[in-house]
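K.L.:
attaching a predicted model along with its sequence, questions to come.
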Amino acid sequence: MNEPAGRESRKPRVAVVFGGRSSEHAISCVTAGSVLAAIDRDKYDVIPIGIATDGRWVLESGDPERLRIQGPDQLPSVDGDRAAIALAPYASSTDLIVTEPSQPPRTLGEVDVVFPLLHGPWGEDGTIQGLLEMAGVRYVGAGVLASAVSMDKAYMKIVLAAAGLPVMASVTVTAREWDADPAACRERVGALGYPLFVKPARGGSSIGIAKAHDASELGACLEEAHRHDSKALVEVSAEGAREVECGVLQALDGTPETSLPAELRIGGDHEFYDFSAKYLPGEHTEIDIPADLTPALTAELRDLASRAFEAVGCEGLARVDFFVQPDNSLVVNEINTMPGFTPTSMFPQMWAASGVAYPALVDRLIQLALARDTGLR
């Protein structure tokens, strides 16, 4: 895409988009608050754009303090009553247009790059990426296909397994299948052996995940997962495994670079890394960076993270999550194409420990997006 006239005479305009229609709306807001606080305003012109839970796009305040979690029942959200905002593609640029009741539309000028901090469906799954491609706007992170494949854990496993990467055994159960023939679903799931984890196939932030210790708990677990997604993934529980994660960040030449891995150790009453253990203050989750692994196992894990990144055709950034089995074998749990940037999120912590501080990390992602073209690459 050609450089629009006049860009060299002004700061690049970055639209930070957050919120969205998914169940991860609040976490997206928290992520955005952290990123908005870190972006260098002397270097970039920043426009905060919120997507309300009903899908309305609005010009948000961008106040990082308003986007923090205050408590279990005080999660942040986008104010859908604020002035509406839209992308308006023209022949040579795409502008941001603001509309308010009883006021003529006004333009905020051309947007140079979008930082889509959306988690879950209707954002992280390739939908906003497709919209931005159609509008001819550069954006941070993975493209349409990589975003869609990585969001759907069932298809992600198919792609990773085809690339020779180790994944946990699983089956999918749709709400239609469960309603039509629960006995057949139980038989198919039972072949995996209990205990099992049941999760929304296209969800995140551990929302809707439950552990079925035996067959008697399967129905309730599927119903909980189906409340969030009509497609549920049922997979073997990695009993006794350690949870280790690795960050991937693309270099300007396209080469994936990996961070020091980090291990999660979950305390308190949490049986697994659920929503409260991830995000709520006062919980007893501990993080070891770097993870206590042998040099050989660390090298293998980082290589698998890089291979997973390239297997799905990812761009920009990703967080790859692993299980380290009791015999020290590695299994890829999932790949996140837009990992959290909250103060407690693993991705920025791993890169900070690897020598890339939070503001530098945000800046690098924006620069990567500005350096690439839209369209087929």
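P.N.:
Cool, the structure landed.

K.L.:
and the helix or strand that residue 319 is a member of, what does it pack onto?
P.N.:
Under the criterion DSSP states H and E, the helix or strand holding residue 319 is strand 317-324. Secondary-structure packing of strand 317-324 (3 or more Cβ pairs under 8 Å, 6 or more residues apart in numbering; DSSP states H and E): strand 242-250, helix 295-311, strand 330-336, helix 346-353. C-beta: built from backbone N, CA, C; applies to glycine.

K.L.:
rerun at 10 Å
P.N.:
Where contact means 3 or more Cβ pairs under 10 Å, 6 or more residues apart in numbering; DSSP states H and E, strand 317-324 is packed against helix 144-151, strand 242-250, strand 256-258, strand 262-266, helix 295-311, strand 330-336, helix 346-353, helix 358-371.

K.L.:
so which of these is nearest residue 100?
P.N.:
In this view, the helices and strands packed on strand 317-324 are compared for proximity to residue 100 by Cβ to Cβ, and helix 358-371 is the closest at 28.5 Å.

K.L.:
thinking again about what came up before, run the chain-centre distance for the strand holding residue 319.
P.N.:
Using Cα atoms, centre = their mean, to the nearest Å, we find the averaged C-alpha position of strand 317-324 to lie 12 Å away from the chain's own average C-alpha position.

K.L.:
that strand to helix 346-353, inter-axis angle?
P.N.:
Compare the direction of strand 317-324 with that of helix 346-353 by axes from the mean of the first three to the mean of the last three Cα atoms, to 10 degrees and you get 100 degrees.

K.L.:
in its sheet, what does strand 317-324 sit against?
P.N.:
For strand 317-324, the pairing partners within the sheet under DSSP bridges are strand 242-250 (antiparallel), strand 330-336 (antiparallel).

K.L.:
mean pLDDT lowest where, among the helices and strands packed on strand 317-324?
P.N.:
The weakest mean pLDDT among those belongs to strand 262-266, with a mean of 88.

K.L.:
hmm, back to that, just name the most buried of the strands paired with strand 317-324.
P.N.:
Looking across the strands paired with strand 317-324 with neighbours counted as mean count of other Cβ atoms under 10 Å, the highest average goes to strand 242-250: a mean of 24.

K.L.:
closest to residue 58 out of the strands paired with strand 317-324?
P.N.:
Proximity to residue 58 (Cβ to Cβ) singles out strand 330-336 among the strands paired with strand 317-324, at 26.2 Å.

K.L.:
tilt between the closest one and helix 295-311?
P.N.:
Using the same axes, to 10 degrees, one finds that strand 330-336 and helix 295-311 are set 40 degrees apart in direction.

K.L.:
pLDDT at the residue most central in space within the chain, what is it?
P.N.:
In the chain, the residue lying closest to the centroid (Cα atoms, centre = their mean) is residue 338, at 3.1 Å. Predicted confidence (pLDDT) at residue 338: the value is 93.
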